[in-house]
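Asker: below is the sequence, then the predicted model.
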Amino acid sequence: MGDPWLIFLMLLTPPNIVNASTVSHPPYSGDKQEPVVVLEHVSKRYGSINALSDVSLTIGHGITGLLGPNGAGKSTLVKTMLGLLRMSSGQGRVLGFDCRHQALDIRAAVGTMPEDDCYVPGLTGVQMVRYAARLSGLERVESLRRAHEVLDWCGMTQERYRPVETYSSGMRQKLSFAQALVHDPKLVILDEPTAGLDPSERRDMLGRINTLARIHGKAVILSTHILPDVQAVCDWVVVLCRGRVKLSGALEDLTRPLFPMHRLCVRGDASAMVQRLEHIGIRAEITFDGSITLHGVDGSTVSGVWRLAADMGFGVTSLEPMRTSLETLFVDAVREHSHAAG
C-alpha cells in the first residue's frame with residue numbers, strides 16, 4: 001500500500017464527523033464562461049527552494065492537460081489548489097472558493113485521483129468506493145448506491161467484491177477513478193490515470209474522461225507524462241518547469257504553426273505534382289514518408305491545389321493543415337527554461 005497525499009486528505013476528515021449537512025454548497029454558479037481555477041502570483045517556498053514561483057493561471061471548463069518534467073511543481077500546484085499546502089504568497093480560487101480560507105469546501109467539491117495506490121487492505125472495491133463517498137458527505141444508503149453506480153460506469157463488475165489488495169494495476173486505476181467521481185464533483189483532478197493500463201483499457205479510460213467533460217459538463221485537469229493522451233482529449237495545455245508556467249493556452253492555438261502549411265498525399269508521381277505546384281507559385285517538398293508539404297497554403301488557396309490535382313488526374317487521399325507536435329512544444333518549452341536558468 002502506498003502513502004499518497006490522498007490518504008492524508010481522507011484522514012483529515014474522519015467519517016464519523018462528515019455528513020451531508022456539514023458540507024457547504026459551493027458558491028460556484030456553474031457558468032461555462034466562469035473560470036474554474038484562478039491563481040494569481042502564487043509562490044510556494046520550502047526554505048530556499050522555490051517549488052512554485054509567481055504562478056498566475058486561469059483554468060476553465062473542458063479538459064486541461066498539466067504537463068512538466070519530474071520536479072516541475074505539478075504535485076505542489078495541485079496540493080496548493082486543494083489547500084493541502086499553504087501558499088507562501090499570492091492568492092487563488094477554485095470553484096469560487098478561496099484556497100487559503102475555504103480548503104474544506106474546495107475538497108468537498110473536487111474529485112482527485114492520485115498516481116499512487118490509495119486503498120485500505122481488507123476492504124473490497126465497493127467498500128473502498130463507498131468509504132470515499134461517506135468521507136465526501138453522502139449518507140449510508142446513498143453512498144452504497146452511488147458506489148455501485150460509478151463502478152458500473154467504470155467497467156468494474158464482480159471484481160468489486162474482491163479485496164482491493166488482490167487487484168491488478170488496471171483494476172486499481174478503475175477503483176481510484178471511481179473514488180474520485182463517487183460524490184459527483186464539479187472539478188476532477190487526475191494524476192496519470194492511464195499509467196499501467198493496456199491499450200484497450202487506456203482507450204476506455206480516455207473515453208470516460210472525454211465523456212465526463214463533453215457529456216456531463218465536468219472540468220477536468222489531467223496531469224500526465226503521456227503526451228498522446230493530452231493530444232487525444234485535452235482542450236487546453238499548461239506546461240510547468242521548475243515551478244514556473246512556461247506555456248499555457250488552447251491546444252489548437254499552440255499547435256498551429258506560425259506560417260500555414262498543409263500535408264498533401266496523392267496517388268501518382270509526387271515529384272511531378274511538386275513541379276506543377278512550384279510552377280503556380282506554391283513552395284512544396286516531398287517528405288520522408290512520400291507525402292508533400294505545402295508552404296504558405298491557407299484556406300483561400302487550398303482550392304487551387306485540388307484543381308491542380310484534378311487536372312493532372314491525381315487522386316488526393318488527404319489534404320490537411322499541419323500542426324506542430326505537442327512533443328515539440330513541450331521539449332522547446334522545457335529546453336528554453338533550462339537554458340535561461342543555466
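Answerer: Right, received. Where do you want to start? Not measured: the values here are computed from a predicted model.

Asker: show me the shaky parts of the stretch 201-342 of the chain.
Answerer: 258, 299, 336-342 (pLDDT under 70).

Asker: rerun that using 80 as the cut-off
Answerer: Scanning the stretch 201-342 of the chain for pLDDT under 80 picks out the ranges 256-260, 297-301, 322-325, 335-342.

Asker: show me where the stretch 51-200 of the chain has its strands.
Answerer: 63-67, 89-94, 97-98, 110-113, 187-191 (DSSP state E, counting those that start in this stretch).

Asker: can I get those strands in a markdown table including mean neighbour count and distance to residue 242?
Answerer: Where you see a C-beta, it was placed from the backbone N, CA and C, and this is true even at glycine. As requested, the strands of the stretch 51-200 of the chain are exported to a markdown table (neighbours: other Cβ atoms under 10 Å; distance: least, Cβ to Cβ, whole Å):
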| stretch | mean neighbour count | distance to residue 242 |
| --- | --- | --- |
| strand 63-67 | 25 | 13 |
| strand 89-94 | 19 | 17 |
| strand 97-98 | 18 | 27 |
| strand 110-113 | 24 | 24 |
| strand 187-191 | 23 | 19 |
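
Asker: out of those strands, the one nearest residue 175 is which?
Answerer: In terms of Cβ to Cβ, the element of these nearest to residue 175 is strand 110-113, at 9.8 Å.

Asker: burial of residue 75, as a residue count?
Answerer: Counted with other Cβ atoms under 10 Å, the neighbours of residue 75 add up to 21.

Asker: what of residue 243?
Answerer: Counted with other Cβ under 10 Å, residue 243 comes out at 23.

Asker: of all the strands of the stretch 51-200 of the chain, which lies closest to residue 277?
Answerer: Closest among those, using Cβ to Cβ: strand 63-67, at 36.1 Å.

Asker: list the helices and strands the closest one packs on?
Answerer: helix 74-81, helix 199-214, strand 219-223, helix 227-233, strand 236-241 (3 or more Cβ pairs under 8 Å, 6 or more residues apart in numbering; DSSP states H and E).

Asker: tilt between that strand and strand 219-223?
Answerer: Interaxial angle of strand 63-67 relative to strand 219-223 (axes from the mean of the first three to the mean of the last three Cα atoms, to 10 degrees): 20 degrees.

Asker: so strand 63-67 versus helix 199-214, what angle?
Answerer: Going by the same axes, to 10 degrees, strand 63-67 makes 120 degrees with helix 199-214.

Asker: and strand 63-67 with strand 236-241, angle?
Answerer: Angle, strand 63-67 to strand 236-241, by the same axes, to 10 degrees: 10 degrees.

Asker: note down every partner strand of strand 63-67 and its orientation.
Answerer: When pairs are called by DSSP bridges, strand 63-67 turns out to pair with strand 219-223 (parallel), strand 236-241 (parallel).

Asker: gap between the spatially closest residue to residue 71 that is not a sequence neighbour and residue 53?
Answerer: Leaving out its chain neighbours, the residue that sits closest to residue 71 by Cβ to Cβ, 6 or more residues apart in numbering is residue 242, at 7.7 Å. Remark: distance between residue 242 and residue 53 (Cβ to Cβ, to the nearest Å) = 7 Å.
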